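In: could you look at this predicted model? Sequence included:
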Amino acid sequence: MTEATPKIEPKIKLDGVRKSFGDKHVLNGYSVSVMPRESLVVIGGSGSGKSVALKCILGLLTPDEGEIYIDGKPTVHIRASEREEINARIGMLFQNAALFDSLPVWENVAFGLIQGKGMKRALAKEIAIEKLAQVGLGADVGKLGPAELSGGMRKRVGLARAIAGDPDIIFFDEPTTGLDPIMGHVIDDLIVKCVKEVGATAISITHDMASARRIADKVAMLYKGQIIWTGPVSDIDHSGNDYVDQFINGLADGPIQMELRKA
Amino acid sequence: MNPFQAIGAGILNFLEATGRLTLFALSGISHCVRPPIYPRLILRQMIDIGFYSLPVVGMTTLFAGMVLALQSYTGFARFSAEGAIPNVVVLSITRELAPVLAGLMIAGRIGAAMAAELGTMRVTEQIDALETLSTNPFKYLVAPRLIAGVTMLPLLVLIGDVMGVMGGYVVGVYKLGFNEQIYIVNTWNFLQASDVISGLIKAGAFGFLVSLMGCYHGYRSKGGAQGVGAATTNAVVSASILILIANYLITEMLFTT
Ligand SMILES: Nc1ncnc2c1ncn2[C@@H]1O[C@H](COP(=O)(O)OP(=O)(O)OP(=O)(O)O)[C@@H](O)[C@H]1O
Ligand SMILES: [Mg+2]
């Protein structure tokens, strides 16, 4: 690297993040960085702390140790008002969608626009319907309540809500789980479009390797609370890491021993 | 374990819980007065707490007034003081029974519903989702409930006062043979504004306590359906106990001098 190259700061950087619940150590020095307009996919076993890490970045959980930088600024111990400002630029799809069940679908999607950005309801509704169309849901779905949707539809509504405010950072917690393969593909394309065209930075969690290959620029593997491998998606098949090999090929035998087999 | 250790741990736990509740309450209050304020949500809570509780509060105070007239007749007839019945009914209702009964009924009806609703939102990550959509859950969920609780309970108690006095009147006139006019005159003449107002002050405090406990337990609930169930029970029980304690404290504050 030469002197003239301006140093690009990572959009998001986790530095030695630790988080425990009681004596259960979930994150043990989680460090990763994501450059602007990059799409990171985090893979790792169920219960390894992928969702917890996203919640730490959003400030929903406070790490016990370590620092999280967004645009180069530390965010772990900031005031609530600063946190609100940061979160206004982040969209999040929760693993279980977390839709507001007291509100109709369109209002769920428009929520951030109406409450967060103070947009007029009529205009926000138009945008919501447009976003719903992008995830393959018609305007008639907008009037339903979240309880009237199927699991996959809820996930897509959650996705529409996450991207409704055109955030610069988007987190997708298992965006294609519970969707049929075709719809899964459509959603993957939408995620790629958000990153490539809109210029967002994305962190996605997925167990679906085909989907990971489509949406990732970079892949990171979480194991026992640490990132044990990270590299461009093109290297994933020859990572030279036995854990990654076992994981992406879904082999029962390998260095990762499932808890139940130890017993 | 050393008994002192157990006592110490108990005291520390109690202090910690009190501290947490106090912080929660202060934060809730501070969000009631700082913008943004959500009139739509406040209105919805007011309708829920105020309008839909009318039948419950009306019925309880009506029957309380009726039984009060009947019971005091039994006692007062023994020393020929039946004339004091309207007076006893209106004082007991306005100062004591209407606020306490309404408070307890609302604790069951509204406190439980609030804890269940917020608890479900907590365990299904809806409260987390609010935060990610740059909406402060205290402003969006807690403040409207506190405001509605504090303002609606006094209104309910005012209606409860009327219902209770009516109950006493019905029993007094139709069962105990009072003259209609004398009953009303006796009710009015002995009633002072301070009797009604003190009841309304209590009602405001009780409304605050019910909303606070409902929100507090719901907001902090964890662990799925069972956790939400526990939060609901805790909200009702703690609100009821606090209402009775606050009732004594406010009575003492307002009446000793
Ligand atoms: N609020 C909490 N309290 C206690 N433990 C928690 C809490 N949230 C998560 N955990 C624990 O942290 C661990 C990691 O959870 P997390 O949800 O991050 O898993 P994950 O990697 O997202 O798994 P999956 O792929 O199944 O979604 C789990 O073992 C879970 O038991
Ligand atoms: Mg998860």
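Out: Thanks, I have the structure now. Ligands and ions are numbered 1, 2, ... in the order given.
In: flag every buried residue along stretch A:131-145.
Out: For stretch A:131-145, a neighbour-count test (16 or more other Cβ atoms under 10 Å in any protein chain shown) marks A:131, A:132, A:134, A:135, A:136, A:137, A:141, A:142 as buried. Where you see a C-beta, it was placed from the backbone N, CA and C, and this is true even at glycine.
In: identify the residues contacting that stretch?
Out: Residues from elsewhere that reach stretch A:131-145, judged by Cβ atoms under 8 Å, 6 or more residues apart in numbering or on different chains: A:101, A:103-106, A:109, A:125, A:128-129, A:149, A:153, A:156-157, A:159-161, A:163-164, A:183, A:186-187, A:190.
In: could you do stretch B:17-28 as well?
Out: B:138, B:142, B:143, B:146, B:212, B:215, B:216, B:219.
In: let me know the closest of the residues you listed to ligand 2.
Out: Checking those against ligand 2 by Cβ to the ion gives residue B:219 as the nearest, at 22.8 Å.
In: in contact with the closest one, which residues are there?
Out: Contacts of residue B:219 by Cβ under 8 Å, 6+ apart are B:24, B:118, B:119, B:122, B:127, B:137, B:141, B:142.
In: these two touch, right, the second one and residue B:214?
Out: So the one you mean is residue B:118. Yes: using Cβ atoms under 8 Å, residue B:118 is in contact with residue B:214, at 7.3 Å.
In: which one of these two has more residues nearby?
Out: Taking other Cβ atoms under 10 Å in any protein chain shown, residue B:118 and residue B:214 do not tie; residue B:214 has more neighbours (33 against 27).
In: which residue packs closest to that one, ignoring adjacent ones?
Out: residue B:114 (2.9 Å; Cβ to Cβ, 6 or more residues apart in numbering or on different chains).
In: now the one you found: phi and psi?
Out: Dihedral angles of residue B:114 (phi, psi; degrees, to the nearest 10) stand at phi -60, psi -50.
In: check contacts around it.
Out: Per Cβ under 8 Å, 6+ apart, neighbours of residue B:114: B:145, B:211, B:214, B:215, B:218, B:235.
In: in chain A, where is pLDDT below threshold?
Out: In the prediction, chain A carries residues with pLDDT under 70 at positions A:1-6, A:258-263.
In: interface residues of it facing ligand 1?
Out: Proximity of chain A to ligand 1 (Cβ under 6 Å from any ligand atom) is limited to residues A:21, A:26, A:44, A:46, A:47, A:48, A:49, A:50, A:51, A:52, A:95.
In: drop anything exposed from these.
Out: Buried among these by 16+ other Cβ under 10 Å: A:26, A:44, A:48, A:49, A:50, A:51, A:52, A:95.
In: which of those residues sits closest to ligand 2?
Out: Among those, residue A:51 lies closest to ligand 2 (Cβ to the ion), at 3.2 Å.
In: pretty sure the closest one is in a strand, no?
Out: No: applying DSSP: H, G, I helix; E, B strand; the rest coil, one finds residue A:51 to be helix, outside a strand.
In: would you check that it makes contact with residue A:93?
Out: No: with contacts counted by Cβ under 8 Å, residue A:51 stays clear of residue A:93, the gap being 11.1 Å.
In: so what sits against both of those two?
Out: Common neighbours of residue A:51 and residue A:93 (Cβ under 8 Å, 6+ apart) are residue A:173.
In: residues near residue B:233, how many?
Out: Neighbourhood size, residue B:233 [other Cβ under 10 Å]: 13.
In: return the residues of the stretch 51-200 of chain A in contact with ligand 2.
Out: A:51, A:95 (Cβ under 5 Å from the ion).
In: on that earlier part again, could you single out the nearest of the buried ones among the residues of chain A next to ligand 1 to residue B:2?
Out: residue A:26 (34.1 Å; Cβ to Cβ).
In: contacting residues for that closest one?
Out: Residue A:26 neighbours (Cβ under 8 Å, 6+ apart): A:19, A:20, A:49, A:52, A:225.
In: show me where chain A has helices.
Out: A:50-58, A:80-87, A:105-111, A:121-134, A:151-163, A:181-196, A:209-215, A:242-249, A:259-262 (DSSP state H).
In: gap between the second one and the chain center?
Out: Pointing back at helix A:80-87 there. With Cα atoms, centre = their mean, to the nearest Å as the basis, helix A:80-87 stands 19 Å off its chain's centre.
In: buried stuff in the helix or strand of chain B with the lowest mean pLDDT?
Out: For chain B, counting by mean pLDDT, DSSP states H and E, helix B:180-190 ranks last in confidence among helices and strands (a mean of 84). For helix B:180-190, a neighbour-count test (16+ other Cβ under 10 Å) marks B:183, B:184, B:186, B:187 as buried.
In: can you list the residues you listed in JSON lines and add distance to chain A?
Out: Listed next are those as JSON lines, based on distance: Cβ to the nearest Cβ, whole Å:
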{"residue": "B:183", "distance to chain A": "47"}
{"residue": "B:184", "distance to chain A": "46"}
{"residue": "B:186", "distance to chain A": "49"}
{"residue": "B:187", "distance to chain A": "44"}
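In: pipe those into CSV and attach distance to ligand 1 per row.
Out: As requested, the buried residues of helix B:180-190 are arranged in CSV below (distance: Cβ to the nearest ligand atom, whole Å):
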residue, distance to ligand 1
B:183, 61
B:184, 61
B:186, 62
B:187, 57
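In: state the pair within those residues that is farthest apart.
Out: B:184 and B:186 (7.3 Å).
In: pretty sure residue B:102 sits against residue B:203.
Out: Yes: at 6.5 Å, residue B:102 and residue B:203 qualify as touching, with contact defined as Cβ under 8 Å.
In: compare these two (neighbour count), which wins?
Out: residue B:102 (32 against 28).
In: tell me the secondary structure at the more buried one.
Out: helix.
In: check the gap between the nearest residue to it once chain neighbours are set aside and chain A for me.
Out: Of all residues not flanking residue B:102 in the chain, residue B:57 sits nearest, at 4.7 Å (Cβ to Cβ, 6+ apart). Per Cβ to the nearest Cβ, to the nearest Å, residue B:57 is found 25 Å from chain A.
In: quick check: residue B:57 vs residue B:42, distance?
Out: Distance from residue B:57 to residue B:42, counting by Cβ to Cβ, to the nearest Å: 20 Å.
In: and these two? Which one has more around it.
Out: residue B:57 (24 against 18).
In: how much space separates the residue in the stretch 1-150 of chain B that ligand 2 sits nearest to from chain A?
Out: For the stretch 1-150 of chain B and ligand 2, the shortest gap (Cβ to the ion) falls at residue B:125, measuring 10.9 Å. Per Cβ to the nearest Cβ, residue B:125 is found 4 Å from chain A.
In: ditto for residue B:14
Out: Distance of residue B:14 to chain A, given as Cβ to the nearest Cβ: 22 Å.
In: check which helix or strand covers that residue.
Out: Assigned by DSSP states H and E, residue B:14 falls within helix B:3-33.
In: what packs against the helix or strand immediately after that helix in the chain?
Out: Moving toward the C-terminus from helix B:3-33, the first helix or strand encountered (DSSP H and E) is helix B:39-46. Contacts defined by 3 or more Cβ pairs under 8 Å, 6 or more residues apart in numbering or on different chains; DSSP states H and E place helix B:39-46 against helix B:143-170.
In: what packs against the helix it packs on?
Out: helix B:3-33, helix B:39-46, helix B:54-77, helix B:85-92, helix B:98-106, helix B:180-190, helix B:193-219.
In: now the longest one, how far from the centre of its chain.
Out: Read it as helix B:3-33. Taking Cα atoms, centre = their mean, the mean C-alpha location of helix B:3-33 is offset from the chain mean by 22 Å.
In: same question, the second one
Out: In this view, helix B:39-46 has its centroid 18 Å away from the chain centroid, taken as Cα atoms, centre = their mean.
In: which non-adjacent residue is nearest whichever residue of chain B sits closest to ligand 1?
Out: Ligand 1 sits closest to residue B:222 of chain B, with a gap of 6.8 Å, by Cβ to the nearest ligand atom. Once flanking residues are discounted, residue B:222 sits nearest to residue B:123: 6.5 Å by Cβ to Cβ, 6+ apart.
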